[in-house]
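Novice: coords below, sequence missing:
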Ligand SMILES: CSC[C@H]1O[C@@H](n2cnc3c(O)ncnc32)[C@H](O)[C@@H]1O
Ligand SMILES: [Zn+2]
């Protein structure tokens, strides 16, 4: 057994208290052996003047969209997708997706994110990037059938199933999968009826964008005479392993349905604000005991992959939504970005405790904007950013040490992404 001792820091415990202590990791199993007063490890990672915390979990993203950062801004979802994003995504090759996903993975590691959920196409290329980066991920092929004939639509659904079956367990088990119809309005109900049971047979969760904008909800209600999540449940969606992205426009009955079915919600506050999609009822979801995680969404609607930004935005916008400054408090925001997101994705991480996956970030507290240290949970929610992360560890392996990413060649990743992004824009013209 090879062990890693993260030593000399303060530790964020699962109950959101902070104690001085160390963390001992079994690097062979990738699990935490002990927290607090621990025996010496074979190797050490210095956390002096630092906070040892669970790695952040980005529960909804499109990593390769890092290539499209700054390409199309200041539009609402529907026109942003149809006029800008889908046309350029139509010219992307698997090597572009690999390069974009590597850029997104690099940015994630630099910001203390250790696990994520990714919906995209050319998923084997995404998996390559995740594997090389050393991250943990749940991945899936985003199925879109709008504008396709029946054969093309079925082929896309089949690809969603194939990816879910074939990529499961990749990267030494760090990659798991889900079946991912894109949204309730971009896939056909009859096809959901055919393919959701197949996904259940494959024993994979189902992840879908839902209730993101009013422009999506209103026509669905007009056409089907029911709320989107009632419609989703009627087509076999919503279960304890399933999770929706956004959930911005939910009525009380839909919140109850999420709670009853055990379906998770990934709150994406920055994307919701940038696309002016709306303000999600996060405190109401938490009050109803719905499991809520946080996601950045893609870097083209955020425009970064720093989950610390989501923490802050979730706390801030949660108060606005509830008209209550005590809503979505600091601890609730930190919990959503760690244990909440991990629970939504079905990962045994997000908490620093014996037996949990050793997915860990060490935050450097030695800076003006994190002084004084009245309350470190408050700092995580309201003052810290990804730039404060000193070390990132996933599955017991050190991915970034003293801000040097060890698993990826940062310069090469950035150069490749820059040139592929430029070439893709040329092709899309
Ligand atoms: C077909 S793969 C996934 C698909 O989703 C698109 N996308 C990115 N952000 C959003 C969002 O906020 N709502 C809906 N769809 C989104 C992405 O560009 C890919 O085409
Ligand atoms: Zn999305």
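Specialist: That came in fine, so what should we check first? Computed from a predicted model, the values in this text were never measured in an experiment. Ligands and ions are numbered 1, 2, ... in the order given.
Novice: tally of neighbours for residue 73?
Specialist: Look at residue 73: counted by other C-beta atoms under 10 Å, it has 13 neighbours. Every residue, glycine included, has its C-beta placed from N, CA and C.
Novice: what number of residues lie near the closest residue to ligand 1 within the stretch 301-429 of the chain?
Specialist: Nearest to ligand 1, among the residues of the stretch 301-429 of the chain, is residue 301, at 5.3 Å (C-beta to the nearest ligand atom). Counted with other C-beta under 10 Å, residues neighbouring residue 301 total 26.
Novice: in space, what's closest to it - neighbours in sequence excluded?
Specialist: residue 271 (4.3 Å; C-beta to C-beta, 6 or more residues apart in numbering).
Novice: what's next to the lengthiest helix in the chain, contact-wise?
Specialist: The helix that spans the most residues within the chain, counting by DSSP state H, is helix 410-428. When contacts are defined by C-beta atoms under 8 Å, 6 or more residues apart in numbering, helix 410-428 is touched by residues 66-68, 71, 87-88, 90-92, 95-96, 99-100, 102-103, 106.
Novice: list the buried residues of it.
Specialist: Using 16 or more other C-beta atoms under 10 Å as the test for burial, helix 410-428 gives 410, 413-414, 416-417, 420-421, 424.
Novice: now swap in stretch 360-367 and tell me
Specialist: By 16+ other C-beta under 10 Å, the buried positions in stretch 360-367 come out as 360-365.
Novice: before we move on, back to that, ok, residues contacting the helix or strand hosting the residue nearest to residue 301?
Specialist: Assigned by DSSP states H and E, residue 271 belongs to helix 269-274. Helix 269-274 has contacts (C-beta under 8 Å, 6+ apart) with 73, 212, 246, 248, 277-280, 294-298, 301-303, 309-310, 313-314, 316-318.
Novice: which among those end up buried?
Specialist: Among these, those scoring as buried are 212, 246, 248, 277-278, 280, 294-298, 301-303, 309-310, 313-314, 316-318 (criterion: 16+ other C-beta under 10 Å).
Novice: tell me which element the residue of the chain found nearest ligand 1 falls in.
Specialist: Taking C-beta to the nearest ligand atom, ligand 1 has its nearest neighbour within the chain at residue 142, 2.5 Å off. Assigned by DSSP H and E, residue 142 falls within strand 136-143.
Novice: starting from that strand, tell me which strands it pairs with and how they run.
Specialist: strand 113-120 (parallel), strand 175-177 (parallel), strand 180-181 (parallel) (DSSP bridges).
Novice: once you drop chain neighbours, what's closest to residue 309?
Specialist: In space, and not counting its chain neighbours, residue 309 is closest to residue 270: 5.9 Å by C-beta to C-beta, 6+ apart.
Novice: number of residues surrounding that neighbour?
Specialist: Using other C-beta under 10 Å, residue 270 has 22 other residues around it.
Novice: ok, residue 322 next?
Specialist: Residue 322 has 17 nearby residues by other C-beta under 10 Å.
Novice: and what of residue 355?
Specialist: By the criterion of other C-beta under 10 Å, residue 355 has 11 neighbours.
Novice: circling back: for the strand holding residue 142, what is the average pLDDT?
Specialist: Mean pLDDT, strand 136-143: 99.
Novice: likewise for stretch 282-302?
Specialist: If you average the pLDDT values across stretch 282-302, you get 98.
Novice: wait, a helix at residue 203?
Specialist: No: assigned with DSSP: H, G, I helix; E, B strand; the rest coil, residue 203 falls outside any helix and is coil.
Novice: ok, it - how many residues close by?
Specialist: Using other C-beta under 10 Å: residue 203 sits among 10 other residues.
Novice: how near is it to residue 131?
Specialist: 22 Å (C-beta to C-beta, to the nearest Å).
Novice: now residue 239, nearest residue through space, not along the chain?
Specialist: Per C-beta to C-beta, 6+ apart, closest to residue 239 is residue 261, 6.0 Å.
Novice: cool, and residue 184?
Specialist: Once flanking residues are discounted, residue 184 sits nearest to residue 228: 5.3 Å by C-beta to C-beta, 6+ apart.
Novice: now do the same for that neighbour: its pLDDT.
Specialist: 98.
Novice: got it, and residue 98?
Specialist: 98.
Novice: pull the contacting residues for it.
Specialist: When contacts are counted by C-beta under 8 Å, 6+ apart, residue 98 is found next to 64, 122, 125-126, 128-129.
Novice: how far off centre is whichever strand or helix holds it?
Specialist: Element membership of residue 98 [criterion: DSSP H and E] is helix 94-110. For helix 94-110, the separation from the chain centroid amounts to 14 Å (computed by C-alpha atoms, centre = their mean, to the nearest Å).
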